[in-house]
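Enquirer: only geometry, no sequence info:
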């Protein structure tokens, strides 16, 4: 089979051995795969997959079940989307059957490929780890990103007013259209205006070091700070007295290297709590564009430019989408 590999900073569509489908696993004929910043890092050689995971790029996909291992409830021909530790950008992928979900009602395979990673990340961090309760106030850094877009919609659906930090007025308008109460533009001390909207009960932050001191200032007493990325650096100086005095919970969170059972439990919760909201029209995958896999480098360049509002996908098998 062919799969997309990160080779010397480029994405290369090349032959690799097809994985075996074992007990408890299913094989998916991939229609489309979502792009994430983790794929940019892996393509650059900076984020290797966990041990035992596929070395091909791609943390989420959607497609058609083509083989079912023993002990699985899926049927050949089922339309599914899946959360992966790697390998989604390939003609086929083998995955733990518990890490696949039926397509949310009304979504195409291309749209569904833009759902698993970002909605799982947002749900895990805001509601499971962050313990959001109705009425809690939320700050989302990088609010127009794929995760940010999912998080805004989830906050609106579950009664949590949210604000964002973004890079342009156009992106702020996009976030407000999705349901954000408002927000600020980063740069030229624009972030300081977040004080006008705080304090916040939960902050979801993919930036890291650069925003750390401000996050601590903006959080309410007993606030939860979920750090999910390091786009702004890995080093920060914190006022620990403020951390203690406010009883802040600082939580470092990743999803890709979680164990199989953890992911299975997360996806089961996602199916019960979140999937029905797609059928009701309260959640929508913010799919900006689908690129043929032959144009993968163009897709990666667009994602790296930090101007995408929502999600991009690669169309691996255009006959299916």
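Expert: Structure's in. What do you need? Because the structure is predicted, anything quoted here is derived from the model rather than measured.
Enquirer: Residue 151 and residue 33: what is the separation?
Expert: Residue 151 sits at a distance of 21 Å from residue 33 (criterion: CB to CB, to the nearest Å). For glycine as for every other residue, the C-beta is placed from the backbone atoms N, C-alpha and C.
Enquirer: Please disregard the earlier target; I meant residue 111.
Expert: The value you get for residue 111 to residue 33, if CB to CB is used, is 13 Å.
Enquirer: out of the two, which sits in the more crowded spot?
Expert: Neighbour count, other CB atoms under 10 Å: between residue 111 and residue 33, residue 33 has more, with 32 against 23.
Enquirer: next helix or strand past whichever strand or helix holds the more buried one?
Expert: Following DSSP states H and E, one finds residue 33 within strand 25-34. Remark: after strand 25-34, the chain's next helix or strand is helix 37-43, criterion DSSP H and E.
Enquirer: now that following helix: mean pLDDT?
Expert: Average pLDDT, helix 37-43: 93.
Enquirer: Neighbouring strands - and their directions - for the strand holding residue 33?
Expert: Its sheet considered, strand 25-34 pairs with strand 60-68 (antiparallel), strand 92-96 (antiparallel), strand 311-315 (antiparallel) by DSSP bridges.
Enquirer: tell me, how many neighbours does residue 299 end up with?
Expert: 22.
Enquirer: Make sure I have this right: it is in a helix.
Expert: Yes - assigned with DSSP: H, G, I helix; E, B strand; the rest coil, residue 299 falls within a helix.
Enquirer: got the contact list for the residue nearest to residue 48 when sequence neighbours are not counted?
Expert: The shortest distance from residue 48 to any non-neighbouring residue, by CB to CB, 6 or more residues apart in numbering, is to residue 42 (6.9 Å). Neighbour list for residue 42: 6, 48, 49, 57, 86 [criterion: CB atoms under 8 Å, 6 or more residues apart in numbering].
Enquirer: Just flag the most distant two among those residues.
Expert: Based on CB to CB, the longest span within these runs between 48 and 57 and measures 11.5 Å.
Enquirer: who's more crowded, these two?
Expert: More neighbours surround residue 57 than the other of residue 48 and residue 57, with 28 against 12 (other CB under 10 Å).
Enquirer: what are the phi and psi values for the more buried one?
Expert: With angles defined as degrees, to the nearest 10, residue 57 sits at phi -70, psi 160.
Enquirer: Against residue 131, how distant is the residue nearest the centre of the chain?
Expert: Centroid check for the chain by CA atoms, centre = their mean gives residue 118 as the closest residue, at 2.4 Å. Going from residue 118 to residue 131 by CB to CB gives 20 Å.
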